[in-house]
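> need coordinates for the following:
(one chain, ligands or ions: 1)
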Amino acid sequence: MTLGASLKLYLDVDASVEWAEALKETARVHPLVISGHVRLFVLPSLPALSAVIDVLADSPIAVGAQDLFWEDRGAYTGGVSGADLARLGCTYVEVGHVERRRIFNEDDLTIRLKFAAALRNGLTPVLCVGEAEQIDAESAAQLCIAQLDSAMANTTGLRDLVVAYEPEWAIGQAEPAPSAHVVSVIRKLRQHIDEIGLVDAAVVYGGSAKPGLLSALGNRVDGLFLGRFAHDPAAFASIIDEAAGLR
Ligand SMILES: O=C[C@H](O)COP(=O)(O)O
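All right, here's what the predicted structure looks like:
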């Protein structure tokens with residue numbers, strides 16, 4: 001089971017460190033985390049990365065970035081190099097979140113280049129896919145598959161991948177997407193992923209995910225990608241407990 005959380009730009013550096021310290025304590029005593037049956041990763045904001053990496057250095061919680069640039073070196077003011085993220089100790093990087101698409105104008109080509117940059121630097125991509133409007137599961141799955149195939153076009157050397165199914169209409173809401181919809185889309189996504197030979201990829205759900213959801217979805221998903229509802233370390237801990245209950 002894979003559980004990840006992105007802090008987006010919600011927590012400042014000090015709050016991110018405090019949050020990481022609380023998660024570290026949860027992970028330290030949780031048997032399923034210790035045994036590796038639940039893998040945890042967190043994606044703080046860029047300025048908090050180093051401090052959070054320091055806090056989690058001797059814990060099983062992996063750290064990643066929420067974005068990277070598609071080139072590693074050069075005249076790219078403000079760019080973030082995947083090589084530097086790896087050097088800092090990041091092992092994950094998020095690519096394709098809809099907020100990057102909408103607010104920062106990233107398109108399919110940008111996402112493909114960033115996906116390649118992640119792989120080139122040995123970072124596990126957390127590739128976000130999802131439909132914009134609430135539509136039927138079959139149509140949603142086709143859109144997600146098209147986004148996945150586009151991001152991975154010409155990809156070589158893929159070792160590990162997290163695919164986060166994040167329907168845009170369910171992000172930032174009080175409730176996640178209905179479980180039946182999530183299960184149906186993820187089943188079709190999983191089928192496609194298996195067909196193209198990525199059997200080890202984890203397919204997780206994100207979009208107002210919170211305590212109770214994992215139990216409702218059961219083993220039909222590989223985990224969750226959390227946003228706001230992970231800000232409370234106790235909520236994160238209770239979701240790890242839910243993962244334990246599914247074993
Ligand atoms: O990256 C996380 C997702 O966009 C979900 O965020 P949210 O749970 O705050 O809606």
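> for the chain, which spans come out with low pLDDT?
Scanning the chain with the threshold set as pLDDT under 70 gives 157.
> which parts of it sit against the ligand?
Contact residues (CB under 6 Å from any ligand atom) of the chain with the ligand: 6, 166, 171-172, 206-209, 225-229. From N, CA and C alone the C-beta is placed, and that goes for glycine too.
> wasn't residue 64 part of a strand?
Yes - counting by DSSP: H, G, I helix; E, B strand; the rest coil, one finds residue 64 located in a strand.
> ok, now how distant is it from residue 178?
29 Å (CB to CB, to the nearest Å).
> those two: which has the busier surroundings?
residue 64 (26 against 13; other CB atoms under 10 Å).
> I'd say the more buried one and residue 92 touch.
Yes - Residue 64 lies in contact with residue 92 (CB atoms under 8 Å); the separation is 2.7 Å.
> find residues that contact each of these two.
41, 43, 123-124, 126 (CB atoms under 8 Å, 6 or more residues apart in numbering).
> contacts for the one helix or strand residue 84 maps to?
Assigned by DSSP states H and E, residue 84 falls within helix 82-88. Contacts of helix 82-88 from elsewhere in the structure, counted by CB under 8 Å, 6+ apart, are 49-50, 53, 64-65, 68-69, 72-73, 93, 117-118, 120-123.
> helices - which of the residues of the chain next to the ligand land there?
Among these, none falls in helices (DSSP state H).
> quick one: end-to-end distance for stretch 124-143.
22 Å (CA to CA, to the nearest Å).
> the helix or strand that the helix holding residue 84 is followed by: partners in the sheet, and parallel or antiparallel?
Using DSSP H and E, the helix or strand that follows helix 82-88 in sequence is strand 92-95. Strand 92-95 pairs in its sheet with strand 61-65 (parallel), strand 124-129 (parallel), by DSSP bridges.
> for residue 9, grab the count of nearby residues.
11.
> quick check: the gap between whichever residue of the chain sits closest to the ligand and residue 65.
Residue nearest to the ligand within the chain: residue 227 (2.2 Å; CB to the nearest ligand atom). Distance check for residue 227 against residue 65: by CB to CB, it reads 16 Å.
> looking at the two, which one has more neighbours?
Comparing residue 227 with residue 65 by other CB under 10 Å, the one with more neighbours is residue 65, at 25 against 21.
> which ones are touching the more buried one?
Contacts of residue 65 (CB under 8 Å, 6+ apart): 43, 46, 49, 80, 85, 90, 92-94.
> closest to residue 188 out of these?
Lowest distance from residue 188 to the contacts of residue 65 (CB to CB) belongs to residue 94, with 22.5 Å.
> contacting residues around the closest one?
So residue 94 contacts 6, 43, 64-67, 125-126, 128, 164 (CB under 8 Å, 6+ apart).
> buried members of these into ChimeraX, please.
A single ChimeraX command selects the buried members of those (16 or more other CB atoms under 10 Å):
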select :6,43,64,65,66,67,125,126,128,164
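> of the contacts of residue 94, closest to residue 20?
Once CB to CB is applied, the member of the contacts of residue 94 that ends up nearest residue 20 is residue 43, at 11.3 Å.
> please report phi then psi for that closest one.
Backbone torsions of residue 43, given as degrees, to the nearest 10, read phi -120, psi 90.
> okay then, goodbye and thanks.
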